[in-house]
Each structure stands twice: as C-alpha cells, then as structure tokens.
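S.K.: Have a look at this prediction, sequence included:
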Amino acid sequence: MNPLNLYDFDLPNGWAIEKLSNFLDIIMGQSPPSETYNKDGEGVPFFQGKAEFGAIYPTVEKYCSEPNKIASQGDILLSIRAPVGPTNLAPLDCCMGRGLAALHPLDGISSKFILYLFRALEPQISKEGTGSTFKAINKQFIENLTIALPPLGEQIRILNKIEENFSELDEGIEYLKTVQEQLKVYRQSVLKNAFEGKLTEQWRETHADQLETADQLLERIQQERESLYQQQVNEWEEAINAWEENSKEGKKPSEPKEPESVPPLTEYDTINLPELSASWTWISLAHIKEFSMYGPRFSSKDYVDEGVAILRTTDVSDSGKVDWGNSPKLSINNDEYEKYKLIKGDLLITRTGSIGTISVFSDDKRAIPGAFLIHYRLVPHINSWFIFYFLKSKRAQNHFYENSTGSGRPNLNVPNIELLAIPLPSSEEQDKIVQMLEEKFSVLDSFESTISVTLKKVNVLRQSILKKAFSGRLVPQDPNDEPASILLERIRAERQAAPKPTREPGISKKKPRKEVVDLISVLESTSDWLSAQDAFRECGISDGAETEAIERLYLELRDLEKEDRIEVERHGNEDWLRIHSGGRS
C-alpha cells in the first residue's frame, strides 16, 4: 500500500507538510474473545465498526469485560475496513474491534479538528482500501498519510468556523426534515379523507343519479366472473376434444379452476371501521381478485444477459412504479412465462423483509415476479391505482405489520393480506379518487423532490467547507501564530523525552478463539433462510476469527453457489442463504 499525499494546493504561511504519525498516536483495534462481550454494562463500551457510528459519537450497544485495545475518551475512531474512512469520537474510554483504529492527537491538537480533517479526506481515503473480500487499510498506511498541518492558533480558528457554518447548515437541515415529515402527515391525511369518501363527497352528490352502488358493482363482477368461467370451460372442452382427436399428443389441457366463492364481510368484520357513504361497501382483496400467487424462486446462477425480467423486492419502489435499472433476466420457456407473466394493472406486494411496498405493473415489458413478491391480478372495473393508494394508507400499512409473521425477518402471506377490509365505491368514483389523489400528490412530489435535492446540495456544501478549511481558505492566516513546524518539533522532543513503556514480567495467557466452522454445516442445521451476516456469525466469524478464516468462508460460499448446493437471494443490501431446496416453488 503506497503512501498517500493528501494536499494539492500552495502551502499557506506557517503550515507544514507532515506524516500523520508525527503528531498522532495510532492504536489499531483487536477483537476480544467473544465470551467477554455483554449487554449488561460489565466492563467498557465495545465498538466494532461503522455500523455503530452516529453523527459525532457512536451508539453503545455492547460492552467488553476484558478489552484487548482501548481508545481513550475523545480519541478519533476511524473505520479501517468495510467501509474505509468514516469517523466518530470516542464518548468515553472504550474497547475497539478489528474494524477500528483510534487516533490520539498530541500537544493540544483538538480531536474535533482531526475528526473534521479526516471527514474532508474521507472521499480520497475511502478509495485506498485493499483486499479481495472486503477493503481495508493497515496501520502503516495511516502512519504514512501525509497532510498539510496549520499552526495551532489557526487550527482553533478553523474548528470554530467549521462549527459555526455546520451549525447553520444543521438548522437548515432540521427545518427541511421537519417539512418532509409534515408532508408525510399531510399525504396520509389526504389518503384518509379519500378512503372515507370525504374527498369526493361533493362530486358524489353531483353525480348521484349516474352512479351504481358498490354492491351493484360487486354483483356485476360476480356475474362476469361466472360468465368468464363458463367461457373458459367451453374453451377447455374444445381443447380436450382437439387433444383427444390428435391421439392425446402433447400436454393435456388444464381444466379451468372454478371461481372461489367469497362470503361478504360481516358486521363483525367492520365494527371498528369508519362509517361509509351508502353507495360504498367494505370488501377484501379476495372479493376483487382474479388470482393471487407467490412469485417463483430462481437461483442467481439462472440469470442471463437477455431474457424475461424477474422483479425482486428492490425493483419495487414507493412511487408504485417498477425500477428497471438492475432487474436480472431469465431464460424460461413460454409455458413458464405464461404461468407467471405480469400484465398492465397487476399489483405487486413485497412479502419479506421490507414488507408492504406496493407497485402497479404499468410497462410494456416481459417480466415475472420474484420469490419475495405477491402477485395480484384484479377483476375488471377495479382501478388498480385505487387499490394501490389504499394499500399505502396508514391503516393498511399498520395491518401489514400487525399481521406479519416472523420476528427477525417479517413475512406477509395472502390470507393475512386478505383480512384487510377495503372501502369500495363505484368504478366511476374509484377513477375520480385516483385522479384527485394524483393531482394533489404531484404537487407534494414536487415539494419533496426539491427538498431532497436541497439536502444533497447541503452535503456537497458541507464537503466544500471542509475542503476550504484544510487548504487554508476558510479563515485568514495570522502572522503571529506559532508555525506548525515548531509545534511538530515540540511533539518530537516530548516523545523522545518520554520514558519507554515496560512490560510487567509474567506469562501471557491467551484465551482460545472459538473454532470457525464450515458454512455448509451451519446452513444444513436449519431449513430456513439466513442472512449472510447471521450465517457467518454462526460460523464463528464475529468471535475474533482471523482474516484467513473469513477469506476461507467467502471462498466456500462462492464454491457452494457454483455447485448449486445453496440458494442465494439478494434482499436490500444483504444476501440471504439457505440449503438448496431441490426445486423451484
């Protein structure tokens, strides 16, 4: 790993170019034995990496009774692996795992000054990690970082100016985030009014003599269902005759399934629900669906460059549209495609992990749903976007979470979804509600987009302030400041004069590390899905395993997937693993 020079500007008067190790002490973290971890407050706080970081200070989630490496209160905690570069300050003396290093400034240099210095340099440092499995930097790299150090007096002025500017930015961010939350509340208020009939109350009164009731609509839907079923039966009988006349060659045509008879919701089912207009009624998705099904499961090894798109939970966005940017492709036969294909107006509901995200398929593309999506096709005369907006309402989303199963990774299923009562007006009023919601939400979307862009600009501005600060352009130089070279010389002299640390005589006793077991053994012990993080923890990786053991597990994971012995599904930012089930569901 080559030294990195982190300055590209003319050096201001009084500044000095120096290696980091000449004005900081650097302590690399080391994982303590797993049996010393606890959440009972025994010992000192234990931080392992970026996952625990906050804006300035990390969140204490666990403790260690026998720490190997200690960071002192106020030290800069630097993430040195997966990812490289993020920083926090140690809120008190604490134990560090192998994902962190502590930087201890010397001779009056402020910890916060060094914190902001590293945040200015983070975009460059983050690119310097090495490693095949995950990126990391070592102590030598940190020691050899060469930066421009201002005089101590100017450091204080720089720090004060940064905090002054950041305070103003933070106030602006807080205001924008407050507006964001208010817009969310207003959006839910609009949805509530829409699905209680208040949004279209005046329109409904004006068009009362032109509208059928929801009960009449449901009766018409049932008649059309029965008519469609009879048509399918007639077509099936003709196909059977043709098949028999052709010596029963090929696959026997499948008999159509008789429409499921769904009883209406009872007064008990709706006792705690809002009172509806006389022309509305309560239904469930079971009353208005042609069918529902879970998406089929495929392995990532089945993905091809060209073919039918398979949509995953990450391809379903809150906007209700499908995000086509990263959806993988499959090569499947026409029978399989016809069984699972998506058509315009189909509803997709995420059922695992981030449950209850809804999308309406609206594109002229060949696609099927993936295993973590539930696919609904609604009957004619039901506006899919009307159902979409209702399922986005607070009452519907609360129903999904309250009726999901599983503690670690919640799951939704069709029976629980169909326990949800949905208010249904006439077809015409459904269309009017969708129109009014889209008009109102387009304005809200514009506001929210402007806020998001502004927040991104604030982050860019924050980095611009840091860049100016550490290139000598944020505050004026003072010729009366003691030059940084004198500060550095004083640090050198103090280090040379300091007594050498001595080790107490005695025998060092190391506790044995927990044995790292094979990944296949862990996966064979459960039939359920495991996140890669949990699987590796079960293998012993979180218990102080060496880098070689981690590399070995990653190689085993790659080989197991190549051999098709395990299934790997990507969900959000995490891979989930399980022993191959032996077939697709």
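M.R.: Sure, I can see it. Everything numeric in this text was worked out from a predicted model, so none of it was measured. Numbering: from 1, shown residues only.

S.K.: phi, psi of the residue with the largest distance to the centre of the chain?
M.R.: Most distant residue from the mean C-alpha position of the chain: E245, 56.4 Å away (Cα atoms, centre = their mean). Main-chain torsions, E245, degrees, to the nearest 10: phi -70, psi -20.

S.K.: How much space separates it from M293?
M.R.: Distance of E245 to M293, computed by Cβ to Cβ, to the nearest Å: 32 Å. From N, CA and C alone the C-beta is placed, and that goes for glycine too.

S.K.: With V379 instead?
M.R.: Distance from V379 to M293, counting by Cβ to Cβ: 15 Å.

S.K.: what stretches of the stretch 401-550 of the chain score poorly on pLDDT?
M.R.: 407-408, 500-516, 526-528, 541-550 (pLDDT under 70).

S.K.: could you pull out the helices for it?
M.R.: Applying DSSP state H, counting those that start in this stretch to the stretch 401-550 of the chain gives helices spanning 414-417, 427-469, 484-497, 519-524, 532-539, 547-562.

S.K.: Could you do the stretch 101-250 of the chain as well?
M.R.: Remark: helices assigned in the stretch 101-250 of the chain by DSSP H, counting those that start in this stretch are 111-125, 139-143, 152-195, 201-206, 214-245.

S.K.: Serialize the helices of the stretch 401-550 of the chain to TSV and add fields for distance to E201 and mean neighbour count.
M.R.: Shown next, in TSV, are those (distance: least, Cβ to Cβ, whole Å; neighbours: other Cβ atoms under 10 Å):
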stretch	distance to E201	mean neighbour count
helix 414-417	29	16
helix 427-469	10	15
helix 484-497	72	15
helix 519-524	57	18
helix 532-539	51	18
helix 547-562	57	15
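
S.K.: So which of those is nearest I125?
M.R.: Nearest of these to I125, taken as Cβ to Cβ: helix 427-469 at 13.1 Å.

S.K.: thinking again about what came up before, and the residue farthest from the centre of the chain, what's its pLDDT?
M.R.: As predicted, E245 sits at a pLDDT of 90.

S.K.: what separates I221 from D215, distance-wise?
M.R.: 11 Å.

S.K.: Apologies, that question was intended for E290.
M.R.: Distance from E290 to D215, by Cβ to Cβ: 20 Å.

S.K.: Likewise for E267?
M.R.: Distance, E267 to D215, by Cβ to Cβ: 15 Å.

S.K.: One more: S261?
M.R.: From S261 to D215 the distance is 17 Å (Cβ to Cβ).

S.K.: if you count what's nearby, which of these two comes out ahead?
M.R.: Shown here are S261 and D215; by other Cβ atoms under 10 Å, D215 has more neighbours (16 against 7).

S.K.: hey, what's the nearest residue to the more buried one once chain neighbours are set aside bridged with?
M.R.: Once flanking residues are discounted, D215 sits nearest to T281: 5.5 Å by Cβ to Cβ, 6 or more residues apart in numbering. Beta bridges link T281 to L424 when assigned by DSSP bridges.

S.K.: Hmm, T281 is touching E212, no?
M.R.: No: judged on Cβ atoms under 8 Å, T281 makes no contact with E212 at a distance of 11.5 Å.

S.K.: hang on, the earlier thing: looking at the residue nearest to D215 now. What's its pLDDT?
M.R.: Reported pLDDT for T281: 93.

S.K.: quick one, what contacts it?
M.R.: Contacts here follow Cβ atoms under 8 Å, 6 or more residues apart in numbering; on that basis T281 touches 213-215, 218, 423-424.

S.K.: Buried subset of those residues, written for PyMOL?
M.R.: Here is the PyMOL selection string for the buried members of those, based on 16 or more other Cβ atoms under 10 Å:
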select buried, resi 213+214+215+218+423+424
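
S.K.: which of the contacts of T281 lies closest to S471?
M.R.: P423 (60.8 Å).

S.K.: where's the spatially closest residue to that closest one that is not a sequence neighbour relative to D215, distance?
M.R.: Closest residue to P423 apart from its sequence neighbours, by Cβ to Cβ, 6+ apart: F195 at 5.1 Å. From F195 across to D215, the span is 18 Å (Cβ to Cβ).

S.K.: now E255
M.R.: Computed as Cβ to Cβ, the E255 to D215 distance reads 32 Å.

S.K.: What of V233?
M.R.: When Cβ to Cβ is the yardstick, V233 and D215 sit 27 Å from each other.

S.K.: what about this structure, any weak spots by pLDDT?
M.R.: Checking the chain against pLDDT under 70 turns up 1-8, 132-133, 407-408, 500-516, 526-528, 541-551, 570-574, 581-585.

S.K.: rerun that using 50 as the cut-off
M.R.: 1-3, 503-513, 543-544, 583-585 (pLDDT under 50).

S.K.: Quick check: can you list the domain ranges of it?
M.R.: Using automatic domain parsing, the domain parsing of the chain gives 16-150+470-491, 183-252+270-447, 519-579.

S.K.: Single out the most deeply packed of those domains.
M.R.: Most buried of the domains of the chain, by mean neighbour count (mean count of other Cβ atoms under 10 Å): domain 16-150+470-491, with a mean of 18.

S.K.: L560 touches L519, doesn't it?
M.R.: Yes: in terms of Cβ under 8 Å, L560 counts as a neighbour of L519; the distance is 6.8 Å.

S.K.: And the contacts of stretch 113-120?
M.R.: 24, 56, 76, 78, 85, 87-89, 103, 105, 125, 147, 155-156, 158-159, 162, 463, 466-467, 469-470.

S.K.: An error on my part: the question was meant for stretch 430-450.
M.R.: 179-180, 183, 186-187, 190-191, 194-195, 199-200, 203, 382-383, 385-386, 389, 424-425.
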